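Trainee: everything below, folded, please.
(4 chains)
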Number of protein chains: 2
Amino acid sequence: MIKQRMEMDQAAAVFKLLGDRTRLTMMRILADHDCCVCEFVAMFDASQPAISQHIRKLKDAGLVKESRRGQWVFYSMNRQYEHFEFVQLLMEALPSQEEKFTELEKQGKRISCD
Amino acid sequence: MIKQRMEMDQAAAVFKLLGDRTRLTMMRILADHDCCVCEFVAMFDASQPAISQHIRKLKDAGLVKESRRGQWVFYSMNRQYEHFEFVQLLMEALPSQEEKFTELEKQGKRISCD
DNA sequence: TTAGTATATAATGATTTGCTTATATATTCA
DNA sequence: TGAATATATAAGCAAATCATTATATACTAA
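Mentor: Have a look, this model is predicted:
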């Protein structure tokens, strides 16, 4: 696969999206696991609308995609995103947020749709 | 050198700083060359105060450092910055802004203090 | 159909951002 | 010293950002 040339405007737009603690952590988590909204709400100390609005920005920009599974809406990294590889490179430079996830399981708040 | 663990808050703060086209391009240029303020002013379609204010943010955060050379103030990447390597990794993922520089020389606006 | 759960959206407001204009400060050079 | 150049800072303002509250929509299950 050929690496897309990244324009500075686009790069700045990505950085801007990632320049928020909540969105950045969400993306880092999504690099490892799909996640539904209520899981994010449980992980972060944030309201459900706040989480929804952060996700919307990521979705509008194309970084994540959604898929409904029953009553839940799951989000995942969008591998079709023009600069997916760039985003992935960034996420790999950041520490795993696995604790957030294990903590969620400990609280019994993990949603599983398998 | 041991790679510093990057906290998400700090990472988000870096991304936020880079989430502006002008600052991001400045940083990309600084990855290759030191630069003085008037060179940035000539390169970007921006006023001198606007440029100064962008630089100040980068300096306050520790990403760049200044050194006066005669009447000019030159800026460079701060290699002592806690997350210098992280920033450098990001810059390497972006296209060189060499054209900006060559254009500057063509206009005879390159400042040289050697 | 109705209640309950999950999610999205709309309206609002405080805060932050990034410019502008005006002015202050620092340095060089005649 | 005084003029010219380079840079920084302050004040003010429009737009963007990010939360909150209230409400709408979508789905499940009884």
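Trainee: separation between residue A:17 and DNA strand C?
Mentor: Taking C-beta to the nearest atom of the strand, to the nearest Å as the measure, residue A:17 falls 13 Å from DNA strand C. All C-beta spots, glycine's among them, are computed from the backbone N, C-alpha and C.
Trainee: quick check, that residue in a helix?
Mentor: Yes. Under DSSP: H, G, I helix; E, B strand; the rest coil, residue A:17 sits within a helix.
Trainee: I figured it was touching residue A:56, is that so?
Mentor: No. In this structure residue A:17 lies outside contact range of residue A:56 using C-beta atoms under 8 Å: 11.2 Å.
Trainee: and the two? Which one has more around it.
Mentor: residue A:17 (20 against 12; other C-beta atoms under 10 Å in any protein chain shown).
Trainee: and the closest residue to residue A:110 other than its chain neighbours, what does it touch?
Mentor: Distance criterion C-beta to C-beta, 6 or more residues apart in numbering or on different chains; nearest residue to residue A:110, sequence neighbours excluded, is residue A:104 at 5.3 Å. Residues in contact with residue A:104 (C-beta atoms under 8 Å, 6 or more residues apart in numbering or on different chains) are A:39, A:42, A:43, A:110.
Trainee: and the furthest pair within the residues you listed?
Mentor: Greatest spacing in these, by C-beta to C-beta: A:43 and A:110 (10.3 Å).
Trainee: which residues do the two both contact?
Mentor: A:101, A:104.
Trainee: can you show me the CA trace of stretch A:13-33 as PDB?
Mentor: C-alpha atoms of stretch A:13-33 as PDB (Å, rounded to 0.1, in the frame of the first residue of the first chain):
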ATOM      1  CA  ALA A  13      -6.900  18.900  11.500                       C
ATOM      2  CA  VAL A  14      -6.000  15.400  12.800                       C
ATOM      3  CA  PHE A  15      -3.800  16.900  15.500                       C
ATOM      4  CA  LYS A  16      -6.600  19.200  16.500                       C
ATOM      5  CA  LEU A  17      -9.000  16.400  16.900                       C
ATOM      6  CA  LEU A  18      -6.400  14.500  19.000                       C
ATOM      7  CA  GLY A  19      -5.600  17.600  21.000                       C
ATOM      8  CA  ASP A  20      -8.300  16.800  23.500                       C
ATOM      9  CA  ARG A  21      -7.600  14.300  26.300                       C
ATOM     10  CA  THR A  22     -10.900  12.500  26.000                       C
ATOM     11  CA  ARG A  23     -10.800  12.100  22.200                       C
ATOM     12  CA  LEU A  24      -7.100  11.200  22.300                       C
ATOM     13  CA  THR A  25      -7.700   8.500  24.900                       C
ATOM     14  CA  MET A  26     -10.700   7.200  23.000                       C
ATOM     15  CA  MET A  27      -8.700   6.800  19.800                       C
ATOM     16  CA  ARG A  28      -5.900   5.100  21.700                       C
ATOM     17  CA  ILE A  29      -8.400   2.600  23.100                       C
ATOM     18  CA  LEU A  30     -10.000   2.100  19.700                       C
ATOM     19  CA  ALA A  31      -6.500   1.200  18.300                       C
ATOM     20  CA  ASP A  32      -6.800  -2.000  20.500                       C
ATOM     21  CA  HIS A  33     -10.600  -2.700  20.900                       C
END
